[in-house]
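Undergrad: after the sequence you'll find the predicted model.
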Amino acid sequence: MNISRSTFVLPFIGWLPLMAVAATTPSTHEFVLDNGLKVVVREDHRSPAVMSQLWVKVGASYEPAGQSGLSHALEHMVYKGSSKACAGEFAEILDNLGASQNALTGKDFTVYYQTLIPSRLGVAFEMMADLMSTAKLLEQDFVPELQVIQEERRERIDDSVTTQGLERLDSISFPSSGYRTPNIGWMHDLQRMKVEQLQNWYQDWYAPNNATLVIVGDVDPAHVKALAQRYFAHLHRRPTPVTLTPVELAKPGERSLILYTPLSAARLVMSFNTPSLATAQDRRTAHALRLLSTLLAGSNSARMKQQLQIRETIFSDITSGYDVFSRGDSVLAISAQLNPEKNKSPEEALARVWQMIEELKKKAPEKAELDRAKNTLIATMVYAQDDLENQANTLGTLESIGLDWRLADQDIDELNKVTTQDIQSVAITYLTRERLSTLQILPEKNNG
């Protein structure tokens, strides 16, 4: 399974109640085993459940040219048998306990997670410790599983022009870093992947000192520590490959990509190279970019949504997104679908988007507009705290990209420090043509 960037919109909610809820910081603890495994435990006693996540610091951006898809393929293969279980046996055990499990591969990490009752947490720990250290990775299992992965790629990516386009947009948006590599891998790399590559990848990266165990739920930290010692302490620390932060060119130049589809409406995506929270020289820049994205088209009250979709109806839909939690440089993207009834050309529509961007560069937004953007973003964060998985995802992501989980508890305060001048400044600096990659997905009839 892959992680994809997405945004969602919440309705307007009163500011003061949100701030009151956000002011409560959950009780969180951390400790590190002698073998280097970091354990982060957040207490949440509102329901009798616990989310257990094992984050391994390796993903698609780590993969060398010609070997894309290794991390995702390995995510599949660790369940095919280990020293304590045959293929599918761990899933059956969890099902019998009324628990659930899944796994995700992203650009910066691979994460395995289970949701279960607290008294069964030791079962999850025993499984994860076994899978990360004794997975068999046999040729006889690898060959059919690789066919499954190839079919997954066909269904999810190759059969969708839009998804293909976004994948290829990444390939030009990140000319000098591994973020151009698709999580699932390129098909030609999957077709020539060998089980020996997977075995080496497993030995290189699946070490306790390259992982974080995140526990959120109705648990006692001392009990979690005892369980972690019992099930993970025997794993041996070992060196992992040296990695460097994925950094993009300061001025990569304007890039463009055009694909054609039998659909009737054109889709446009503008992707601007930006720093992330991990690479920004001043973290306030990253927080300003988060709010800039929300202000542009990240909510129903956002200026582009209101002006270009609702009033002018140039677009039937327009959204924006920014991946702030990345170990390397990131992008801010604006995605829109043309309204075919308006008979606007892609060039005219892009020109109108640019016009609104230039207006923002010339004049900072009003404080009321920025406050609405802050309210939307903070509402998203506050409501995410009601879900154990969302809480764990935030903590695990921060640790996996080289940042401290404590930044999650500082997020709202940092967002509230951003000013209208900060928004204008990041727009001037980063929303430029020399940082732009554009994807146009056009109806086939326009393909002359």
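TA: Nice, thanks for sending it over. Numbers count the residues shown, from 1 in each chain.
Undergrad: alpha carbons of stretch 377-396, as PDB, please.
TA: Output in PDB follows, covering the C-alpha atoms of stretch 377-396 (Å, rounded to 0.1, in the frame of the first residue of the first chain):
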ATOM      1  CA  LEU A 377      -5.600  24.100   9.500                       C
ATOM      2  CA  ILE A 378      -5.900  24.100  13.300                       C
ATOM      3  CA  ALA A 379      -9.400  22.500  13.000                       C
ATOM      4  CA  THR A 380      -7.900  19.700  11.000                       C
ATOM      5  CA  MET A 381      -5.100  19.100  13.600                       C
ATOM      6  CA  VAL A 382      -7.500  19.300  16.600                       C
ATOM      7  CA  TYR A 383     -10.000  16.800  15.100                       C
ATOM      8  CA  ALA A 384      -7.100  14.500  14.100                       C
ATOM      9  CA  GLN A 385      -6.400  14.100  17.800                       C
ATOM     10  CA  ASP A 386      -9.600  12.100  18.200                       C
ATOM     11  CA  ASP A 387      -8.100   9.300  16.200                       C
ATOM     12  CA  LEU A 388      -5.400   7.100  17.600                       C
ATOM     13  CA  GLU A 389      -4.000   6.400  14.100                       C
ATOM     14  CA  ASN A 390      -3.700  10.100  13.200                       C
ATOM     15  CA  GLN A 391      -1.900  10.800  16.500                       C
ATOM     16  CA  ALA A 392       0.500   8.000  15.900                       C
ATOM     17  CA  ASN A 393       1.100   9.000  12.300                       C
ATOM     18  CA  THR A 394       2.200  12.400  13.200                       C
ATOM     19  CA  LEU A 395       4.600  11.200  15.900                       C
ATOM     20  CA  GLY A 396       6.000   8.500  13.700                       C
END
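Undergrad: tell me which residues are up against it.
TA: With contacts defined as Cβ atoms under 8 Å, 6 or more residues apart in numbering, stretch 377-396 is touched by 8, 10, 13, 18-19, 21-22, 26, 28, 40, 42, 44, 47, 49-51, 53, 55, 109, 111, 113, 115, 212, 214-217, 290-291, 294, 298, 325, 405, 408, 411-412, 415. In this view, the C-beta of every residue, glycine as well, is placed from N, C-alpha and C.
Undergrad: buried set for it?
TA: 377-382, 385, 388, 390-396 (16 or more other Cβ atoms under 10 Å).
Undergrad: restricted to helices, list the residues you listed.
TA: 377-382, 388, 390-396 (DSSP state H).
Undergrad: so what's Tyr37 up against?
TA: If you look again at residue 37, you'll see it is Leu, not Tyr. Leu37 neighbours (Cβ under 8 Å, 6+ apart): 208-209, 211-213, 228, 232, 235.
Undergrad: picking that back up, give me the buried entries from the contacts of stretch 377-396.
TA: For these, buried by 16+ other Cβ under 10 Å: 18, 22, 28, 40, 42, 44, 49-51, 53, 55, 109, 111, 113, 115, 212, 214-217, 290-291, 294, 298, 325, 405, 408, 411-412, 415.
Undergrad: can you give me the pLDDT of the closest residue to Lys342 other than its chain neighbours?
TA: If the residues on either side of it in the chain are set aside, Lys342 comes closest to Ile314, at 5.6 Å by Cβ to Cβ, 6 or more residues apart in numbering. Per-residue pLDDT puts Ile314 at 97.
Undergrad: and Met19, by the same measure?
TA: 40.
Undergrad: is it true that Ala73 touches Val195?
TA: No: with contact defined as Cβ atoms under 8 Å, Ala73 does not reach Val195; the gap is 9.4 Å.
Undergrad: those two: which is more packed in?
TA: Ala73 (25 against 18; other Cβ atoms under 10 Å).
Undergrad: check which helix or strand that one maps to.
TA: helix 70-77 (DSSP states H and E).
Undergrad: so what's Pro118 up against?
TA: Counted by Cβ under 8 Å, 6+ apart, Pro118 has contacts 48-50, 217-219.
Undergrad: meant to ask about Trp201
TA: So Trp201 contacts 58, 70-71, 74 (Cβ under 8 Å, 6+ apart).
Undergrad: can you show me the strands along this structure?
TA: Ranges of strands in the chain, per DSSP state E, are 28-32, 38-43, 50-56, 100-105, 110-116, 211-217, 255-261, 267-274, 315-322, 330-338, 436-443.
Undergrad: what's the closest non-adjacent residue to Leu263?
TA: Pro443 (6.4 Å).
Undergrad: show me the beta-bridge partners of the one you found.
TA: With DSSP bridges as the criterion, Pro443 is bridged to Thr261.
Undergrad: do I have it right that it meets Arg267?
TA: No: applying Cβ under 8 Å as the test, Pro443 and Arg267 come out as separate, 10.1 Å apart.
Undergrad: between the two, which is the more surrounded one?
TA: A direct count of neighbours by other Cβ under 10 Å for Pro443 and Arg267 places Arg267 higher, at 22 against 15.
Undergrad: which strand residues bridge the more buried one?
TA: Gln337, Ile441.
Undergrad: spit out the contact partners of it.
TA: 162, 165, 335-338, 439-441.
Undergrad: can I get the contacts of Trp201 in JSON lines with pLDDT?
TA: Shown next, in JSON lines, are the contacts of Trp201 (pLDDT from 0 to 100):
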{"residue": "Val58", "pLDDT": "98"}
{"residue": "Leu70", "pLDDT": "98"}
{"residue": "Ser71", "pLDDT": "98"}
{"residue": "Leu74", "pLDDT": "98"}
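Undergrad: ok, Leu289 touching Thr274?
TA: Yes: counting by Cβ under 8 Å, Leu289 touches Thr274, with 5.6 Å between them.
Undergrad: joint contacts of the two?
TA: Contacts common to Leu289 and Thr274, judged by Cβ under 8 Å, 6+ apart, are 322, 332, 426, 430.
Undergrad: then stretch 50-63 to PDB, C-alphas only?
TA: Provided in PDB are the C-alpha atoms of stretch 50-63 (Å, rounded to 0.1, in the frame of the first residue of the first chain):
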ATOM      1  CA  VAL A  50      -4.200   1.000  21.400                       C
ATOM      2  CA  MET A  51      -2.500   1.700  18.100                       C
ATOM      3  CA  SER A  52       0.900   0.100  17.700                       C
ATOM      4  CA  GLN A  53       3.200   1.300  14.800                       C
ATOM      5  CA  LEU A  54       6.600   0.200  13.800                       C
ATOM      6  CA  TRP A  55       8.300   2.800  11.600                       C
ATOM      7  CA  VAL A  56      11.400   1.700   9.600                       C
ATOM      8  CA  LYS A  57      13.400   4.700   8.200                       C
ATOM      9  CA  VAL A  58      13.500   3.600   4.500                       C
ATOM     10  CA  GLY A  59      11.200   4.300   1.600                       C
ATOM     11  CA  ALA A  60      11.100   5.000  -2.100                       C
ATOM     12  CA  SER A  61      13.400   8.100  -1.900                       C
ATOM     13  CA  TYR A  62      16.200   5.900  -0.600                       C
ATOM     14  CA  GLU A  63      16.200   3.600  -3.600                       C
END
